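Chemist: Let me see the structure of the following:
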Amino acid sequence: MLNMMSLGWDSPHLQMAIKRFEKLAIELAATLETSEWLAGDVYSLADADYTPYLQRMEDLDSAGFGRIAGLGKLVCRVRRRLICSGRR
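Modeler: Down below sits the predicted model:
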């Protein structure tokens, strides 16, 4: 943790984490090619479970996650759902 605090974006730990997030993002995008949500055509626990990861990917957008097709639409659907339910 101190390594990341002192080195910031240059930390090898952060670069490794970004690569893992990129792999996850590609896998999620592949799933979204065949369904609207991660586990089918309705919102499920899978979508709820991955919401924090989607937020982190958006936070790290300088790493280029926004270029991965399908993720942006999923983030928008999740946000709309949270806003409509009154949760944020």
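
Chemist: does the residue positioned nearest the centre of the chain sit in a helix or strand, and which one?
Modeler: Geometric centre of the chain, nearest residue: Leu54, 2.2 Å, by Cα atoms, centre = their mean. Using DSSP states H and E, Leu54 falls within helix 45-59.

Chemist: Go through that helix and flag the buried ones.
Modeler: Using 16 or more other Cβ atoms under 10 Å as the test for burial, helix 45-59 gives 47, 50-51, 54, 57. No exception for glycine: its C-beta is placed from N, CA and C like everyone else's.

Chemist: Output it in CSV with nothing but the alpha carbons.
Modeler: Written as CSV, here are the backbone C-alpha positions of helix 45-59 (Å, rounded to 0.1, in the frame of the first residue of the first chain):
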residue,chain,number,x,y,z
LEU,A,45,-27.4,-10.0,-8.1
ALA,A,46,-24.6,-10.4,-10.7
ASP,A,47,-25.1,-6.8,-11.7
ALA,A,48,-25.3,-5.6,-8.1
ASP,A,49,-22.1,-7.5,-7.3
TYR,A,50,-20.2,-5.9,-10.1
THR,A,51,-21.5,-2.4,-9.6
PRO,A,52,-18.5,-1.4,-7.4
TYR,A,53,-16.1,-2.8,-10.0
LEU,A,54,-17.8,-0.7,-12.7
GLN,A,55,-17.5,2.4,-10.6
ARG,A,56,-13.8,1.7,-10.1
MET,A,57,-13.3,1.2,-13.8
GLU,A,58,-14.9,4.5,-14.4
ASP,A,59,-12.7,6.1,-11.8
